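*Asks:* Here is my input; please provide its structure:
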Amino acid sequence: MPPVLPLMAFGLANLPMLGWLAAAAVPLVIHLLSRRRYRETPWAAMEYLLAALRRRAQRIRVQQWLLLALRTLVIVLVVLAVAEPYTERSGLVFVPGTATHRVLVLDGSYSMAYKAGDTSRFEQAKELAERIVDQSPQGDAFTLVLMAAPPRVVVGTPTFDAGPLREEIENLEGVHTGADLPATVELLGQLLEKARREAPRLQRHVVYFLTDLQRVTWAPGLSDAAMAEFRRQSGELAQAAALEVIDLGTPGAENLAVTALAASQSAVTVGRSVEIEVRVRDFGQRERAAQPVELWIDGRRAARQEVAVGAGGEASVHFSCRFDAPGDHVLEARAEGDALDVDNHRWLVIPVRQAIRALCVDGRPSGGPLGGTTGYLATALAPLAGRSEHSPVEVDVGAESALLERDLGSYDCVLLSNVARFTASEAQALDAYLARGGSLVFFLGDQVMPEEYNRQLGGEGGGPRLLPARLERLVSEPQLGLDPLGYRHPIVAAFRGRSKSGLLDTIVSKHVKLELRKDSAAAVALALANGDPLVVEEPIRRGRVVLVATSADVSWTPMPVWFSYVPLVQEILAWCASGEVAAQNVAVGEPLAIPAAAVAGDAPVALERPDGQVRSLPLRTEAGQGLWTYGETYRSGVYTARFGPPPRHSRTFAVNVDPRESDLAPVAVEELQGEVWAGVPFAYQTNWQAQEARAAGPAPSAGRLHVALLYAVLALLFVESFLAWRLAHHQE
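*Replies:* A predicted model of the protein is given here:
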């Protein structure tokens, strides 16, 4: 176990009172001024008397100097007592006469917002940081770092001016992210190296970690190689500076969090009911028999339920709602009632459409309701078209020329069936469509030229890469049955538990073998019985791309007449359309982005943050496309981008916390010393006991000396009085 240092810090509560020490010279001045001046006259008869008195005079002089010292000491002790000196047990190391560089590292993760009393852990960390600054000797320098994800340098160059530093500490705010300890250790090593170069007179360095020692932060789940590198950097940091870990955590902290808020449909249209699921989880040992959970829609409470949450357990609450107007709608789930409010809320932005618009591009068009290669596809996308007043999907069918003749930005998804090849202009049009957030679905067929696809759409000819996989050879071996790969992907998740849907029994006579690129984020949603990918997807640019290795009609597979075809096609469309939902619902720390095509003309974009502050977003260029971005999403809540002036429309974003940070379980100091920082020397100090003692009631400051000094003054007065009486008695 690392040493817990009971260091004694000495200080004076009323330092200006030391000016009265000058009064200690008063007795000496009086003594010197009151000395009698004698005029010596020789007298033979007195020589015998003076010889006898000389020995006695020396003794009297010693006694008088003793009285003078006692009276002076009385004045000194009275002044010191009024100045209120104290000693205090502390983990703060102060070495007199040595210029010290003190690096203050404040844990800024949102678990530090936990309030055991009236103040949060982060506020306690700020108070302690200010106390370290106040108690440090003149000539010490300071650096201030906020440990977050990523860590942020607040004051990088060592500063000797405590005033501005206190102001920085006072204005410091915690963030709603986690904390990245390995990145912080690496950053501290760089800061110390910089300090040694720029301020060589700072002979000593001390790093203070003011933290709650939350396990999520201090026991990072790193790979063996990453952990070895982290320990190496930590060891180098400990050689360069003394490490002080000050634990501000509260034992047995309880916490309840809203861990998920999701809609049953990824693409929502006007007038259709949608199921909303809210999940809450208890991260402690408290049984919650009737925990209230509320659903708010567009700032108004829409529903409230109570749910039982077991100790350390999780529960779900389901709501149903319907939207009668298109546009962005903000949902908020609330489960209040504990000491950490940050994770008691979760938001979800649902962009409600009048209908999902899809464009089917037919590579071999023909007449008839099911003619061409897109006949079955268009029917599967909108089976209620013409039979229902409000169809959730609007489908347009066009030839290859539609790629250049139509405004692709007016469609949520473009589906291309058996298109033989693409020109460079068509490839650029599809790339621009993806950059604006659109989605593409490719079905293959007998007209497809794999090499042309790879050259124009696969990035092999110098053009954009729009395909999630490389097209290889045509396989004409019939495959009996499909492999849903555990139904892990959202496209096939709806088929879980529905073995009679026909998906597993589908026959594919021909398909193009697909090869996934090693450097891509592509994923296989559905595979063939022989293991070849059948449906591959990948987020590309700001949109989504799906590649289906077989045809959309019955030329290569009887799937279009199977029961599973309609739900499979609709799930592909829903997954593509949900890309906009994913872009508007991000985690804390992820950037917000608005394609320039979404803004009318060159209108400026003003972003309103959850705290009410407004930021103007600059336009930048990314891969030839204009883009408004905002990266400082360090607080959870709703961000609203307004386009104007005058405001024409807006786009709303929900930024939510990572629920892993809601687990307040701390790491034990023995584990910190034995596993996380194995072999790394550091001092460990707790501060929560002192906080609890202050919360219990007023108590005298530990180690104050002024009372003892006043008792000493009283004793010295008795000694001085007795000694003065004795001397006067013997001189008579």
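
*Asks:* Confirm that residue 719 sits in a helix.
*Replies:* Yes - counting by DSSP: H, G, I helix; E, B strand; the rest coil, residue 719 falls inside a helix.

*Asks:* Surely it and residue 70 touch.
*Replies:* Yes - contact criterion CB atoms under 8 Å: residue 719 and residue 70 qualify, at 6.4 Å. For glycine as for every other residue, the C-beta is placed from the backbone atoms N, C-alpha and C.

*Asks:* what touches both of the two?
*Replies:* Here residue 719 and residue 70 share no contacting residue, scored by CB atoms under 8 Å, 6 or more residues apart in numbering.

*Asks:* Can you get me a residue count around residue 724?
*Replies:* The tally of other residues near residue 724 (other CB atoms under 10 Å) stands at 15.

*Asks:* Let me see the contact set for it.
*Replies:* residue 67.

*Asks:* same check, this time on residue 233
*Replies:* Contacts of residue 233 (CB under 8 Å, 6+ apart): 182, 185-186, 189.

*Asks:* Residue 629 now?
*Replies:* 591-594, 617, 620.

*Asks:* do the same with residue 709
*Replies:* 77-78, 80-81, 85.

*Asks:* where does residue 78 land in three-state SS?
*Replies:* helix.

*Asks:* Which residue, other than its chain neighbours, is closest to it?
*Replies:* Spatially, and ignoring its direct neighbours in sequence, residue 78 is nearest to residue 713 (5.6 Å; CB to CB, 6 or more residues apart in numbering).

*Asks:* And stretch 711-727, what's buried?
*Replies:* Residues of stretch 711-727 classed as buried by neighbour count (16 or more other CB atoms under 10 Å): 712-713, 716, 720.

*Asks:* starting at the chain centroid, how far to that stretch?
*Replies:* From the chain centre to the centre of stretch 711-727 is a distance of 65 Å (CA atoms, centre = their mean, to the nearest Å).

*Asks:* Relative to residue 576, how far out is residue 516?
*Replies:* For residue 516, the distance to residue 576 (CB to CB, to the nearest Å) stands at 19 Å.

*Asks:* more crowded one of those two?
*Replies:* Neighbour count, other CB under 10 Å: between residue 516 and residue 576, residue 576 has more, with 27 against 16.

*Asks:* for the more buried one, phi and psi?
*Replies:* phi -70, psi -50 (degrees, to the nearest 10).

*Asks:* which ones are touching it?
*Replies:* Residue 576 neighbours (CB under 8 Å, 6+ apart): 412-413, 439-441, 543-544, 546.

*Asks:* got the contact list for the residue positioned nearest the centre of the chain?
*Replies:* Using CA atoms, centre = their mean, the residue of the chain that lies closest to the mean C-alpha position is residue 177, 1.2 Å off. If you count contacts by CB under 8 Å, 6+ apart, residue 177 has them with 108-110, 148-149, 588-589, 634, 657-658, 661.

*Asks:* so which of these comes closest to residue 475?
*Replies:* Of all the contacts of residue 177, residue 475 sits closest to residue 658, with 43.0 Å by CB to CB.

*Asks:* I figured that closest one hits residue 178, correct?
*Replies:* Yes - if you go by CB under 8 Å, residue 658 and residue 178 touch, sitting 5.9 Å apart.

*Asks:* higher neighbour count, the two?
*Replies:* residue 178 (23 against 19).

*Asks:* which sections of the stretch 251-400 of the chain are below the confidence cut-off?
*Replies:* Scanning the stretch 251-400 of the chain with the threshold set as pLDDT under 70 gives 367-370, 385-390.

*Asks:* can you give me the helices for it?
*Replies:* 375-381 (DSSP state H, counting those that start in this stretch).

*Asks:* now swap in the stretch 451-600 of the chain and tell me
*Replies:* Going by DSSP H, counting those that start in this stretch, the stretch 451-600 of the chain shows helices at 490-493, 565-577, 579-584.

*Asks:* on contacts alone, who are the packing partners of the last one?
*Replies:* Taking 3 or more CB pairs under 8 Å, 6 or more residues apart in numbering; DSSP states H and E as the contact definition, the neighbouring helices and strands of helix 579-584 are strand 345-352, strand 649-656.

*Asks:* In contact with the spatially closest residue to the residue nearest to the centre of the chain that is not a sequence neighbour, which residues are there?
*Replies:* Once flanking residues are discounted, residue 177 sits nearest to residue 149: 4.5 Å by CB to CB, 6+ apart. With contact taken as CB under 8 Å, 6+ apart, residue 149 is in contact with 109, 177-180, 183, 589.

*Asks:* So in terms of bridging, what pairs with residue 515?
*Replies:* residue 470 (DSSP bridges).

*Asks:* Got the domain ranges for this structure?
*Replies:* Listed by automatic domain parsing, the domain ranges of the chain are 7-84+704-731, 89-252+664-696, 256-337, 356-574, 583-656.

*Asks:* How far off centre is the second one?
*Replies:* Spelled out, it's domain 89-252+664-696. The answer for domain 89-252+664-696 is 17 Å, by CA atoms, centre = their mean.

*Asks:* repeat for the longest one
*Replies:* How far domain 356-574 lies from its chain's middle: 38 Å, per CA atoms, centre = their mean.

*Asks:* May I ask which helix or strand encompasses residue 447?
*Replies:* Assigned by DSSP states H and E, residue 447 belongs to neither a helix nor a strand.

*Asks:* That one: neighbouring residues, count only.
*Replies:* 14.

*Asks:* Show the contacting residues for the closest residue in space to it that isn't next to it in sequence.
*Replies:* Excluding its sequence neighbours, the residue lying closest to residue 447 (CB to CB, 6+ apart) is residue 420, at 4.2 Å. Neighbouring residues of residue 420 by CB under 8 Å, 6+ apart: 363, 447-449, 452.

*Asks:* between those residues, which is nearest residue 200?
*Replies:* When the contacts of residue 420 are compared against residue 200 (criterion: CB to CB), the nearest one is residue 452, at 65.2 Å.

*Asks:* The closest one and residue 419, how far apart?
*Replies:* Counting by CB to CB, the gap from residue 452 to residue 419 is 10 Å.

*Asks:* before we move on, what about residue 314?
*Replies:* 47 Å.

*Asks:* Could you do residue 650 as well?
*Replies:* 37 Å.

*Asks:* more crowded one of these two?
*Replies:* The neighbour count for residue 650 versus residue 419, taken as other CB under 10 Å, is higher for residue 419 (24 against 16).

*Asks:* Can you get me a residue count around residue 285?
*Replies:* 9.

*Asks:* Look up how far residue 515 lies from the nearest residue to it once chain neighbours are set aside.
*Replies:* With CB to CB, 6+ apart as the criterion, residue 285 has its nearest non-adjacent residue at 4.8 Å, and that residue is residue 311. Residue 311 sits 50 Å away from residue 515, going by CB to CB.

*Asks:* all strands for the stretch 401-550 of the chain, in order.
*Replies:* 413-417, 439-443, 469-475, 479-480, 482-483, 507-508, 511-516, 523-528, 533-540, 543-548 (DSSP state E, counting those that start in this stretch).

*Asks:* Which of these sits closest to residue 171?
*Replies:* Closest approach to residue 171 among the strands of the stretch 401-550 of the chain is made by strand 533-540 (38.3 Å; CB to CB).

*Asks:* now for that closest one, which elements pack on it?
*Replies:* Helices and strands touching strand 533-540, by 3+ CB pairs under 8 Å, 6+ apart, are strand 511-516, strand 523-528, strand 543-548.

*Asks:* still on that earlier bit, same list, the contacts of residue 420, but as a markdown table with distance to residue 561 please.
*Replies:* Putting the contacts of residue 420 into a markdown table (distance: CB to CB, whole Å) gives the following:
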| residue | distance to residue 561 |
| --- | --- |
| 363 | 20 |
| 447 | 21 |
| 448 | 22 |
| 449 | 27 |
| 452 | 30 |
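
*Asks:* And these, which is the shakiest by pLDDT?
*Replies:* Minimum pLDDT across the contacts of residue 420 is recorded for residue 363, with 92.

*Asks:* surely it meets residue 397?
*Replies:* No - contact criterion CB under 8 Å: residue 363 and residue 397 do not qualify, at 11.8 Å.
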